[in-house]
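Enquirer: how would this look folded up:
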Amino acid sequence: MSSVTYSTSGSPTRDELIALYDSVGWTVYTADPARLEDAVAGSTFVVTARIDGDLVGLARAVSDDATIVYVQDILVVPDAQRQGIGKQLLATVIERFAHVRQKVLLTDDEERQHALYRSLGFADTAEVERLHAFVRFDDPKSGD
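Expert: Sure thing, here's the model as predicted:
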């Protein structure tokens with residue numbers, strides 16, 4: 001297999017982003033390609049993974065770069081999963097924001113993902129005394 005190259009410079013094309021996000025079923029993002037492209041471009045930090053020039057993974061973070069960083073997305077195309085790419089992407093984000101105390105990410109209920117996050121020092125808020133996470137999702141198109 002070809003080696004993976006990681007980069008924090010340059011931006012994936014719209015078509016690359018759509019293919020990557022679609023590959024993992026994140027169609028709520030790809031339903032509005034311009035918004036997806038704006039979201040990635042507006043991120044504080046983006047790291048990509050490529051094999052033979054093809055985009056196979058991406059992680060992005062939003063931060064004040066002082067007190068908090070939100071790890072917004074970590075994606076790896078299914079054919080390249082379970083090869084350490086996601087772990088390296090997340091490790092790169094953690095390294096970039098090593099000076100920031102609070103690192104936050106939200107994820108779905110998939111144990112493989114939980115194991116990855118735990119391996120890099122994250123804890124589920126359900127397991128941290130006196131800590132709760134709250135989230136609100138609105139549909140920007142409906143005005144709610």
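
Enquirer: identify the residues contacting the spatially most central residue of the chain.
Expert: What sits nearest the mean C-alpha location of the chain, by Cα atoms, centre = their mean, is D73, with 1.9 Å. By Cβ atoms under 8 Å, 6 or more residues apart in numbering, the contact list for D73 reads L58, A59, R60. C-beta: built from backbone N, CA, C; applies to glycine.

Enquirer: so L105 sits right up against Y70, yeah?
Expert: Yes - between L105 and Y70 a contact is recorded at 7.0 Å, counting by Cβ atoms under 8 Å.

Enquirer: tally of neighbours for D22?
Expert: Neighbour count of D22, defined by other Cβ atoms under 10 Å: 13.

Enquirer: so where is the protein shaky, pLDDT-wise?
Expert: 1, 142-144 (pLDDT under 70).

Enquirer: so how far does stretch 7-14 reach from one end to the other?
Expert: 17 Å (Cα to Cα, to the nearest Å).

Enquirer: picking up where we left off before, hey, what's the residue nearest to the centre of the chain bridged with?
Expert: Beta-bridge pairing for D73 (DSSP bridges): R60.

Enquirer: which SS class is G86?
Expert: The local conformation at G86, judged by DSSP: H, G, I helix; E, B strand; the rest coil, is helix.

Enquirer: in terms of contact, does it touch Y117 like I think?
Expert: No - checked against Cβ under 8 Å, the pair G86 and Y117 is beyond contact range at 9.8 Å.

Enquirer: got the contact list for stretch 85-97?
Expert: Residues outside stretch 85-97 that contact it (Cβ under 8 Å, 6+ apart) are 4, 6, 8, 45, 47, 49, 56-59, 61, 63, 65, 69, 71, 74, 76, 103, 116-117, 119-121.

Enquirer: which ones among those residues are found in strands?
Expert: By the criterion of DSSP state E, membership of the contacts of stretch 85-97 in strands covers 4, 6, 45, 47, 49, 56-59, 61, 63, 69, 71, 74, 76, 103.

Enquirer: top of these by number of neighbours, please.
Expert: A59 (28 neighbours).

Enquirer: and the gap between that residue and V47?
Expert: A59 is 5 Å from V47, where distance means Cβ to Cβ, to the nearest Å.
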